[in-house]
Structures are given as C-alpha cells and as structure tokens.
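S.K.: give me a model of this one.
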Amino acid sequence: MTPETANRLQRWVTRYPNAVGGPASEAEVAAAERRLNASLPPDFREFLLRYCTALVEGYSIYGLRPEELIMGPQQMLVEQTSLHRNTWLPPHLKGMVAISADSAGNPIGFLPDDVRVHVWDHDTGEILVLAESFDAWLGKILA
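M.R.: Just a heads-up that it's a prediction; the model follows:
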C-alpha cells in the first residue's frame, strides 16, 4: 500500500479498532492463493498480512479467517470466491477473486493477471473497472 493509503487506513483503524482483524501470516496468504489457484496482487497481500480483514465505509473486505468482530464464515475470501465462481459468475469470469461486494451483492475483485479492481454487475452482465489497484480502490472508499 502507498504510505497515503496506509495512513488513511490507520486513521480508520484508530477510530474503529473493531473494524479490522488481526494480521494474517505469510503461510495463510500462500495457502489462500493455492486454494484460489491465483496470485494475489502485492498491495492486497500487504493488506491481508497487516489486517487480514476489515469493514471499511460499509465494504466488507474478505479475509482469511473468521473474525469475531465483523466477519462470519460467509465473508471469507476463499469461501466467497468459491461461491461466486460456482454459482453466479459466467464462464469467462470464473477466475475472478472476490474481495468484497457492493450494496447490490455484485462481487468486487481481481481478474487473473490483472491488478485492477473490478465489479461484475449480475443484472447487466457487465464487468467494470472500479480502480487501477487495490490500493487505489481502498483509497477511494476511505476518501
């Protein structure tokens, strides 16, 4: 994460300490990547290693394990990605890694070999770019 985004997120954490989880280990992140059959972008990996999960401005950012404060098993990265891949995503988007969802339940995440953050609109079938990176997307929602 850029220093600016890291500072904004730290201010959020200071105001809402129960809105983030504890750090994930490198082994947890690597295991998630194996289960997802995907490499996670470096800035998202850094987020997971620092916070594992978070609730930021109404967005639940999926983590690697349930956190008592805000998360339940239905909001974990691997499980949510598997649910979307196996239930709703069209074949050409089956490689998407879901990191969150918008207010309409549309998955937000990464496509294979693409660090940009996308949203798939399940009503229209469109895939839209929300930000050029996880850091940029997080910066937007923290603005």
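
S.K.: quick one, strands of the protein?
M.R.: Using DSSP state E, the strands found in the chain span residues 54-56, 59-61, 97-101, 107-110, 117-120, 127-131.

S.K.: with respect to residue 18, which of those strands lies nearest?
M.R.: strand 54-56 (8.7 Å; Cβ to Cβ). From N, CA and C alone the C-beta is placed, and that goes for glycine too.

S.K.: which secondary structure elements does the closest one contact?
M.R.: helix 3-15, strand 59-61, helix 134-142 (3 or more Cβ pairs under 8 Å, 6 or more residues apart in numbering; DSSP states H and E).

S.K.: which of those sits closest to residue 50?
M.R.: Nearest of these to residue 50, taken as Cβ to Cβ: helix 3-15 at 8.2 Å.

S.K.: distance check, the residue nearest the centre of the chain against residue 15.
M.R.: Centroid-nearest residue in the chain, with Cα atoms, centre = their mean: residue 99, separated by 2.4 Å. From residue 99 across to residue 15, the span is 22 Å (Cβ to Cβ, to the nearest Å).

S.K.: mean pLDDT for the strands of the chain - can I get that in a markdown table?
M.R.: Listed next are the strands of the chain as a markdown table, based on pLDDT from 0 to 100:
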| stretch | mean pLDDT |
| --- | --- |
| strand 54-56 | 88 |
| strand 59-61 | 91 |
| strand 97-101 | 97 |
| strand 107-110 | 98 |
| strand 117-120 | 98 |
| strand 127-131 | 97 |
